[in-house]
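> any chance you can model this:
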Amino acid sequence: MAPERDLRVAWEPISLLFKNEVEEGSRTYSRYKRTHDLLRVMESVRAGDGNDGVFRTYWEFGKRIHHDRELKTFSVEEALVEAGVSTGHAAAYDEAAWDAEIRRRMDVGLALAGDDVGTPIIAFDDANGARVGIFGPVITRVPETELALQLWDGLVQVMTVPGFWELKRTRTEEPDFGDRP
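The predicted structure follows:
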């Protein structure tokens, strides 16, 4: 969809560990801690390989988490090899020094979309050059290209209406990630 709409996508982190202030020992802690530590790796990749490296790493982590259902078990080093970036970035997994950058980047998105949101947050500059952002869309499956373009165009339209804040309906189906890319 990015080529059809001449979009340049910048991948930014959002840590649900930070956002939801998850306490160690809670039932969601290990999942949120794991994804937070993967964000540390992605920030290391950003520092060394830029946005393209982040995209490849995000895509590879996503395949392993969503398609292979290996959130807690996949090898970060193997994923980095598949993403075509240095396995040296795996050291960032345990380095809290990356947390300030994760929080800084995350706060930019939250400043646009608000604190009572989740992920994803989409942001862009409107026709007047003002940065606009919104939480969503949350979809349960990837639409065909033409429908995806219609969805994007509709989002652009509603996001640029002054005073627009929210659309919501209850999810009635589980995500379907389709075939592994």
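> for R34, grab the count of nearby residues.
Other residues lying near R34 total 16 when counted by other Cβ atoms under 10 Å. For every residue, glycine as well, the C-beta is placed using N, CA and C.
> can you check H89 too?
The number of residues packed near H89 is 24, by other Cβ under 10 Å.
> ok, for Y58, nearest residue in space, not its chain neighbours?
Of all residues not flanking Y58 in the chain, W11 sits nearest, at 5.5 Å (Cβ to Cβ, 6 or more residues apart in numbering).
> then I65?
Once flanking residues are discounted, I65 sits nearest to L71: 4.8 Å by Cβ to Cβ, 6+ apart.
> who are the contact partners of the one you found?
The contact partners of L71, taken as Cβ atoms under 8 Å, 6 or more residues apart in numbering, are R31, R34, T35, R64, I65.
> identify the farthest-apart pair in these.
Using Cβ to Cβ, the contacts of L71 span at most 13.9 Å, a distance reached by R31 and R64.
> and the closest residue to D179 other than its chain neighbours, how far from L155?
Leaving out its chain neighbours, the residue that sits closest to D179 by Cβ to Cβ, 6+ apart is H67, at 7.9 Å. For H67, the distance to L155 equals 25 Å [Cβ to Cβ, to the nearest Å].
> settle it for me: which of these two has more neighbours?
Shown here are H67 and L155; by other Cβ under 10 Å, L155 has more neighbours (16 against 13).
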